[in-house]
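Chemist: coordinates only, no sequence provided:
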């Protein structure tokens, strides 16, 4: 049902009908649709993290691993748009209720780990700042594409490649203590 893009209209009864079960069957496992969606979201986070892990497995160079992880982020969104949207389209209440150790932390841990490898002398704040810049730019450009708003003469693939290289340049410069995180992006 998520892949059909019908999450906003999902109901427990509709779900039961879609799988050929009685209307009350879903309530044996979930108290309401929000609990069901939270469980599905957690599973999609696991799949997303596994996608990023597969993309970087066996790659020895930190820069190549970084490129592969960034590319996998964009590819997951393109190949599985509805699941990707599910990951990020939450309200504040859902975000606050997320259990400790949720699967969404795995992708963030991968990104911060890659930044740490590329900036071995950076302190925690520098790593987090860089990771936030990277995530915000990749996510923003990907969501603009998915929303049909990335239409100013460049494809997502063209922009993604340039943005990834600009981030690598910023990481190299920051690691050498020569520039701010956004210098190459300006």
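Modeler: The structure has been received and is ready for your questions. Here the structure is a predicted model, which is why all the values come from computation and not from measurement. Residues are numbered from 1 along each chain as shown.
Chemist: where in this protein is pLDDT low?
Modeler: Along the chain, segments meeting pLDDT under 70 span 1-8, 91-102, 177-186.
Chemist: what are the ranges of the helices in the chain?
Modeler: Assigned by DSSP state H, the chain shows helices spanning 12-18, 25-29, 33-56, 62-79, 81-88, 92-96, 104-118, 124-146, 156-175.
Chemist: buried stuff in the fifth one?
Modeler: Along helix 81-88, these residues count as buried under the neighbour rule (16 or more other C-beta atoms under 10 Å): 82, 83, 84, 85, 86, 87. Where C-beta positions appear, they are placed from N, C-alpha and C, glycine not excepted.
Chemist: tally of neighbours for residue 118?
Modeler: Neighbourhood size, residue 118 [other C-beta atoms under 10 Å]: 21.
Chemist: that one and residue 66 touch, don't they?
Modeler: Yes: counting by C-beta atoms under 8 Å, residue 66 is a contact partner of residue 118 at 6.5 Å.
Chemist: can I get the buried residues of helix 81-88 in TSV including distance to residue 37?
Modeler: Converted to TSV, those look like this (distance: C-beta to C-beta, whole Å):
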residue	distance to residue 37
82	12
83	12
84	15
85	12
86	8
87	11
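Chemist: phi, psi for the residue of the chain most remote from its centre please.
Modeler: Largest separation from the mean C-alpha position in the chain: residue 22, at 34.9 Å (C-alpha atoms, centre = their mean). Backbone geometry at residue 22, expressed as degrees, to the nearest 10, gives phi -70, psi 160.
Chemist: contacts only, for it.
Modeler: Each residue near residue 22 by C-beta atoms under 8 Å, 6 or more residues apart in numbering is listed here: residue 16.
Chemist: and the gap between it and residue 89?
Modeler: 30 Å (C-beta to C-beta, to the nearest Å).
Chemist: which non-adjacent residue is nearest residue 90?
Modeler: Once flanking residues are discounted, residue 90 sits nearest to residue 41: 7.4 Å by C-beta to C-beta, 6 or more residues apart in numbering.
Chemist: mind listing what the one you found touches?
Modeler: For residue 41, counting by C-beta under 8 Å, 6+ apart, the contacting residues are 86, 87, 90.
Chemist: and residue 154, how many residues sit next to it?
Modeler: Neighbours of residue 154 (other C-beta under 10 Å): 12.
Chemist: ramachandran angles for it?
Modeler: phi -130, psi 140.
Chemist: so what's it up against?
Modeler: Under the criterion of C-beta under 8 Å, 6+ apart, residue 154 has no neighbours.
Chemist: repeat for residue 116
Modeler: 122, 127.
Chemist: apart from its chain neighbours, what residue comes closest to the residue minimising distance to the centre of the chain?
Modeler: A centroid search over the chain (C-alpha atoms, centre = their mean) returns residue 73, at 6.0 Å, as the residue closest to the centre. Of all residues not flanking residue 73 in the chain, residue 138 sits nearest, at 5.5 Å (C-beta to C-beta, 6+ apart).
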